[in-house]
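Q: When you get a sec, could you give me coordinates for this:
(3 chains)
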Amino acid sequence: MPKLVLIDGSSYLYRAFHALPPLSNAQGEPTGALFGVVNMLRATLKAAPDYLAFVADAPGPNFRNELYAAYKANRPSMPEELRAQVEPMLAIVEALGVPILRIPGVEADDVIGTLAEQAHAQGIEVEISTGDKDFAQLVRPGITLVNTMTNTVTDTARVIEKFGVSPERVVDLLALTGDSIDNVPGVPKCGPKTAAKWLAEYGSLDGVIAHADEIGGKIGESLRAVLPQLPLSRELVTIKTDVPLELPVTALVRRAPDVDALRELYTRYAFKAALKELEAGDTGAAAASAPAATAADELPATAAAPPGRYELVLTWEQFDAWLDKLRVAPLIAFDTETTSLDAMRAELVGLSFAVEAGAACYIPVAHEHPGAPAQLPREAVLAALKPVLEDPARPKLGQHAKYDINVLAGYGITVRGLVHDSMLESYVLDPTATRHDMDSLAKKYLGLSTVKYEDVAGKGARQIGFAQVALEDACRYAAEDADVTWRLHHALWPRLERELGLRKVYEAIEIPLVPVLAGMERRGVLIDVSSLKRQSQELGRRMLELERQAHAAAGCVFNLDSPKQLQAVLFDQLGLAPRLKTPTGQPSTNEEALAALADQHALPRIVLDYRALAKLRSTYTDKLPAMVNPRTGRVHTSYHQAAVATGRLSSSDPNLQNIPVRTEEGRRIRQAFIAPPGWRVLAADYSQIELRIMAHLSGDEGLLEAFHAGGDIHRATAAEVFGVEPAQVSAEQRRAAKAINFGLMYGMSAFGLARQLGIERPEAAQYMARYFARYPGVHAFMEATRERAHRDGYVETLFGRRLYLENLKSRNQALRAGAERAAVNAPMQGTAADIIKRAMIAVAAWLEDRDDAHMLMQVHDELVFEVRADAVETVRAAIVERMCGAAQLAVPLLVEVGVGANWDEAH
DNA sequence: CAAACCGACGACGTC
DNA sequence: GACGTCGTCGGTTTGA
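A: Below you'll find the model as predicted:
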């Protein structure tokens, strides 16, 4: 049966653009999308279809825009780097001899739809090469979709599986769900599941419309509200199959390629593999059995390698061969597989290694599913690997290696010589990227789709532990992890290496910090469990009483924990006037809103009191005791090194960085963070570090002088701003000055300041104006930072960490203003983060061979230690010296140290 | 068909 | 401004 392949050009261009790293050629022209499309084409041509066409959108509006003015109005215009690749792409397609179709007035989709219909009618098998799910409506026996990027084929069965409806009903489903990207309106709150359910019940969209009044609930109302526009939505999503075309399908045959033109284009864009193929006389017209090229084919030389020479190591012979490789390898990628995501509770199930792209092994040591073959024993394997893992002269590489280091530490192995971590490479390259996990990075930088944990272990309640995963599956997954880590490093490192500032941040701060954080996590902190349990009971009693009062004040019983019920009681039942709205337009019941209502009714105050206690109990006094590790008797937090865009750490399970401090009840929780008998808690925090950094970065004389003089900085600021002697500053003036200083650090606006101080906005603006008049250097610095951000798209910390800013060019005023505030704030917060990280590294080095003090926690500008009572003075001096010496600024770094029986007392 | 799970939301703790 | 965590709520998925 003859075959027609229809290539959806725009779909591939967009998908390749987003899936591949932003590659460029020697001239700096962007080539990433081009590269993806070329590889796809080469793969397609190798199959030598009888007929084929490359279909792209023609410039100008099409009939859908006439039908509906807002069509695709939400779609961002094509990024410049992508636009620049359109013409070269068409040139290459042309040179390959592939027929190109661009028909004005309709979309590429409609051309494809029409050709598919015509070919199908002539008994030609049709394959639509696309990544766009909307084409599912065309599928039937003889018409299938192929996505060469994910290597998936969609036939009728797959459509039903994926959408829950047959292909003929796909347009009905799309009309119901709508498409926010193309701005096709649908039924609000109606997703694919609901739409499929309705269609199953009423047969079709017309059936659903006819029975709209039978559908209950909120969603029924939504449906009825949009009923009139549903037929239009269906028309918008329906791909046309009757576009007038001049050429018959049978005219769509490939011409002879223009080899000279191809050579020039491939050379210009540095497509080496394609060029090689061309010179070998293989222009893609060869046998259909040739293997398809993958997108990873030609990425940075070292990242490219055929997938999957993964060895499952079950014998000592195999193990010894790998051990020999590890001993001579210039770089070892390693990864561990365990029974738990919590490194402190995890048991080692296997290890994987890679020493070159594509060649990796998995050494299972504790799989125990039925029928699992004998494996090398864990203890013996670890004993053999220990010298390599602990040797600082053997360079190692991981992805989120802190986890693996902690797991191995549980078996008495101290990993040394960690020189690279692909997660941190990604983080330093772009800390604003939301994800730095391996799967995302593999997709982004390698164009690879990795085996997911869920693929081998299942998901949800039926998920099994890794020890129960069959060895072949485990090997596929685990060895790939090491392999991908290796490839990622080789894709990322060249980018990092040439940016000197970033490279220094990475090598001198982030990488050395890994073992320090690992040590703090493993050490954990001692908690007074019985005290917290008593507090829970006490809080519970008081909450019960407040709950009783609240119900009495409301005149009815309701759930105090439910903002929704509270809102109904306050604004519907009691008739109070709502003051603020939540982002979704509901009347807000947040602290500010309730405080404003407190003089009108007793209930708001009671709720506020209740909430303060409920937060403490649910988040802290109940949870912390449950997080004590039974083996160590201590609480082990996790620090996230690649989570915050400014370079700060975050912490979770538990989050130690938001333990209460402001209220008396809150401080009682800090009192439960204790030291063992004979030990003390020592807390050292940087005083006003961000303002000091502002003074340094801006060079503002007034601010520098204030810090050199010492004393109360807020009082000094108030004296300047209000033009009085420091001694004459009123409490109110100091409060205002403090709010301005605070606002400066968090990039607050006049609006935010007014809200903070409870004053009118013009007055707040006036305060800020006076502040800037007194500290002109600060103002100039902020202006200059904003300008740089606009010019470069990023700002930098003192140590060269680069922080990219989204939204700076946004047409949305609020978003843009937010980005500008972030631009000013980021260098301060980021520099502070750099400084404390440097301090941690220095302190940890000093503590390394001591057994009388341990670093336990980091809370942004504070470090917490436990110190043996007899060593307190020595340790205090050493810590202060290293913290103060972590940076040389134009103002001194001041560190305040407290010592006590618990964390609260240490302040 | 109820229980378990999931994601969005509103709220709030810290720096 | 950032972050992580809590409980609720409406929805979907799962499994007895």
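Q: What count of nearby residues applies to the residue lying closest to residue A:467 once chain neighbours are set aside?
A: Distances taken as Cβ to Cβ, 6 or more residues apart in numbering put residue A:349 closest to residue A:467, at 4.8 Å, once the chain neighbours are dropped. From N, CA and C alone the C-beta is placed, and that goes for glycine too. Residue A:349: 24 surrounding residues under other Cβ atoms under 10 Å.
Q: residues contacting residue A:349?
A: Each residue near residue A:349 by Cβ atoms under 8 Å, 6 or more residues apart in numbering is listed here: A:337-339, A:364-367, A:465-467, A:474.
Q: Let me know the secondary structure of it.
A: Three-state assignment for residue A:349 (DSSP: H, G, I helix; E, B strand; the rest coil): strand.
Q: which other residues reach stretch A:752-770?
A: Contacts of stretch A:752-770 (Cβ under 8 Å, 6+ apart): A:592, A:721-722, A:735-736, A:739-740, A:742-743, A:748, A:750-751.
Q: Stretch A:416-435 vs DNA strand C: in contact?
A: No. Stretch A:416-435 lies apart from DNA strand C when judged by Cβ under 7 Å from any atom of the strand; the minimum separation is 7.9 Å.
Q: State the mean pLDDT of that stretch.
A: Averaging pLDDT along stretch A:416-435 gives 92.
Q: Please apply the same query to stretch A:191-207.
A: 77.
Q: and if you look at stretch A:828-845?
A: 95.
Q: Buried residues of it, list them for me.
A: If you call a residue buried by 16 or more other Cβ atoms under 10 Å, then stretch A:828-845 has these buried ones: A:828-844.
Q: what helices or strands is the helix or strand harbouring residue A:33 leaning on?
A: For residue A:33, the host element (DSSP states H and E) is helix A:32-46. Secondary structure elements in contact with helix A:32-46, counted by 3 or more Cβ pairs under 8 Å, 6 or more residues apart in numbering; DSSP states H and E, are strand A:3-8, helix A:9-19, helix A:80-95, helix A:272-279.
Q: repeat that for 6 Å
A: helix A:9-19, helix A:80-95 (3 or more Cβ pairs under 6 Å, 6 or more residues apart in numbering; DSSP states H and E).
Q: CA atoms only: put the very next helix or strand once past that helix into CSV for me.
A: Proceeding N to C from helix A:32-46, the next assigned helix or strand is strand A:51-55, under DSSP H and E. The C-alpha trace of strand A:51-55 is given here as CSV (Å, rounded to 0.1, in the frame of the first residue of the first chain):
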residue,chain,number,x,y,z
TYR,A,51,4.6,10.7,-1.1
LEU,A,52,5.4,13.4,1.3
ALA,A,53,4.9,17.1,2.1
PHE,A,54,6.2,19.6,4.6
VAL,A,55,3.3,21.8,5.5
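Q: just to revisit the earlier point, among the contacts of residue A:349, which pair sits farthest apart?
A: A:365 and A:465 (14.2 Å; Cβ to Cβ).
Q: The closest residue to residue A:97 other than its chain neighbours: helix or strand, and which one exactly?
A: Leaving aside its sequence neighbours, residue A:97 sits nearest to residue A:255 (Cβ to Cβ, 6+ apart; 3.7 Å). For residue A:255, there is no helix or strand it lies in under DSSP H and E.
Q: Same question for residue A:788.
A: Counting by DSSP H and E, residue A:788 is part of helix A:776-792.
Q: How is the residue lying closest to residue A:561 once chain neighbours are set aside classified with respect to secondary structure?
A: Leaving aside its chain neighbours, residue A:561 sits nearest to residue A:614 (6.7 Å; criterion: Cβ to Cβ, 6+ apart). At residue A:614 the chain is in helix, as set by three-state DSSP.
Q: count of neighbours near residue A:614?
A: Neighbours of residue A:614 using other Cβ under 10 Å come to 18.
Q: Near DNA strand B, which residues of the stretch 701-850 of chain A are found?
A: So the stretch 701-850 of chain A meets DNA strand B at residue A:746 (Cβ under 7 Å from any atom of the strand).
Q: Can you list the low-confidence ranges for the stretch 701-850 of chain A?
A: Judged by pLDDT under 70, the stretch 701-850 of chain A has no weakly predicted residues.
Q: Swap in 80 and give it another go.
A: By pLDDT under 80, the low-scoring segments of the stretch 701-850 of chain A are A:744-749, A:755-756, A:806-815.
Q: now the strands: where do they sit in it?
A: A:794-796, A:802-804 (DSSP state E, counting those that start in this stretch).
Q: who wins for proximity to residue A:499 among the ones you listed?
A: strand A:802-804 (7.7 Å).
Q: Against DNA strand C, how distant is the residue nearest to residue A:97?
A: Residue A:255 sits at a distance of 47 Å from DNA strand C (criterion: Cβ to the nearest atom of the strand, to the nearest Å).
Q: Near that residue, how many residues? Count them for me, please.
A: Counted with other Cβ under 10 Å, residues neighbouring residue A:255 total 11.
Q: Phi and psi next, for the residue of chain A found nearest DNA strand B.
A: Closest approach between chain A and DNA strand B, counting by Cβ to the nearest atom of the strand: residue A:860, at 2.8 Å. Dihedral angles of residue A:860 (phi, psi; degrees, to the nearest 10) stand at phi 70, psi -70.
Q: neighbours around it, how many?
A: Counted with other Cβ under 10 Å, the neighbours of residue A:860 add up to 18.
Q: what's the answer for residue A:597, then?
A: Neighbours of residue A:597 using other Cβ under 10 Å come to 21.
Q: Quick check, it in contact with residue A:604.
A: Yes. Counting by Cβ atoms under 6 Å, residue A:597 does reach residue A:604; the two are 4.3 Å apart.
Q: for the helix or strand encompassing residue A:206, packing partners?
A: Using DSSP H and E, residue A:206 falls within helix A:205-210. Judged by 3+ Cβ pairs under 6 Å, 6+ apart, helix A:205-210 is in contact with no other helix or strand.
Q: Can you confirm whether that helix lies near DNA strand C?
A: No. Using Cβ under 7 Å from any atom of the strand, helix A:205-210 never reaches DNA strand C; the gap is at least 14.3 Å.
Q: do the same with stretch A:629-641
A: Yes. Counting by Cβ under 7 Å from any atom of the strand, contacts between stretch A:629-641 and DNA strand C involve residue A:640.
Q: Which parts of the stretch 201-350 of chain A are strands?
A: For the stretch 201-350 of chain A, the strands defined by DSSP E, counting those that start in this stretch cover A:309-312, A:332-338, A:348-356.
Q: Just the CA atoms of the shortest one, as CSV, please.
A: Right, the one you point to is strand A:309-312. Extracted in CSV, the C-alpha atoms of strand A:309-312 (Å, rounded to 0.1, in the frame of the first residue of the first chain):
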residue,chain,number,x,y,z
ARG,A,309,24.9,-0.2,26.5
TYR,A,310,24.0,-0.8,30.1
GLU,A,311,25.6,-3.7,31.9
LEU,A,312,23.9,-5.5,34.8
